[in-house]
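Asker: Fold the following and give me the result.
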Amino acid sequence: MASELYQEKASSKQLYLDPRTKILLCLSVSTTLIAGNGTGYLLYLHYALAVLPLIFLLILRKFKAALYYVTVYAFALFVPDLIMPYLPNAVNLLFTGVFAFSTKLIPGTMMAYFLFATTSVSEFIAAMDRMHITKKLSVPISVMFRFFPTIKEEYRNVQDAMKLRGVGSVRDPMKMLEYRMVPFLMSVVSIGNDLSASALTRALNSPNRRTNVCNIGFTGRDVITFIGIFFFFSLYFSIMLWQGGTV
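Answerer: From the prediction side, this is the model:
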């Protein structure tokens, strides 16, 4: 399997949106759900935002991730109401609070997954340059784009190697931890060095304006997305003022 370390194309391109549009979607979903007042009719708008990542995952044919998202979100949404009558008040307060916050956090996390899955490093850097974002912010995020997928792949490689040698079984947890985590941590250090060298080779920290072969730009899909975001927030603030609530 080819390593994702040097991957230049995003793994999912069925739904192309400009990286700036996807960043705006992530910020809109996360900010509204975490900081918004989900009471009354606004709660239905929060549910609509929670469905948005599911729609994107289905369009991208990420059925496994979509099923995982629905399962986790439904668990955090419905389980507290089912077990609240059987818990002490102190435990109930902490337990329901954690799950209530999870329902606000999970959709934003899946939108970030959508951003990572459909955006290459080059596209992200080009978008950050178009927005005149400082390199102190764009470079670490761009390195993170390839760091986490590569770590996931490397852990699978270590796991397969241990299974092939028949060591590190569940029957001996300490040896399993040693035989898997030690080579995995060594690989992580090597990956970090490779990513740093790759960033320096591509002159990501250069003060000069970089050229980029990525053809990014707003299309009709981005315009429709912007219009949808505008109408959503117009409706959101209208309902909020009508209910007399605050964000």
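
Asker: those helices in this protein, which residues are they?
Answerer: In the chain, the segments counted as helices under DSSP state H are 19-35, 42-59, 63-83, 89-118, 121-130, 135-165, 173-201, 220-243.

Asker: State the mean pLDDT of the longest one.
Answerer: To tie it back to what came earlier, the one meant is helix 135-165. What helix 135-165 shows for mean pLDDT is 76.

Asker: Could you list the low-pLDDT ranges of this protein?
Answerer: Residues of the chain that meet the criterion pLDDT under 70 lie in 1-15, 38, 87, 90-93, 167-172, 199, 202-210, 245-247.

Asker: For the helices of the chain, could you give me JSON lines that also reports mean neighbour count and distance to T211?
Answerer: (Each C-beta comes from the backbone N, C-alpha and C, glycine too.) Formatted as JSON lines, the helices of the chain follow (neighbours: other CB atoms under 10 Å; distance: least, CB to CB, whole Å):
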{"stretch": "helix 19-35", "mean neighbour count": "18", "distance to T211": "17"}
{"stretch": "helix 42-59", "mean neighbour count": "17", "distance to T211": "31"}
{"stretch": "helix 63-83", "mean neighbour count": "14", "distance to T211": "34"}
{"stretch": "helix 89-118", "mean neighbour count": "16", "distance to T211": "23"}
{"stretch": "helix 121-130", "mean neighbour count": "20", "distance to T211": "10"}
{"stretch": "helix 135-165", "mean neighbour count": "15", "distance to T211": "16"}
{"stretch": "helix 173-201", "mean neighbour count": "13", "distance to T211": "15"}
{"stretch": "helix 220-243", "mean neighbour count": "13", "distance to T211": "23"}
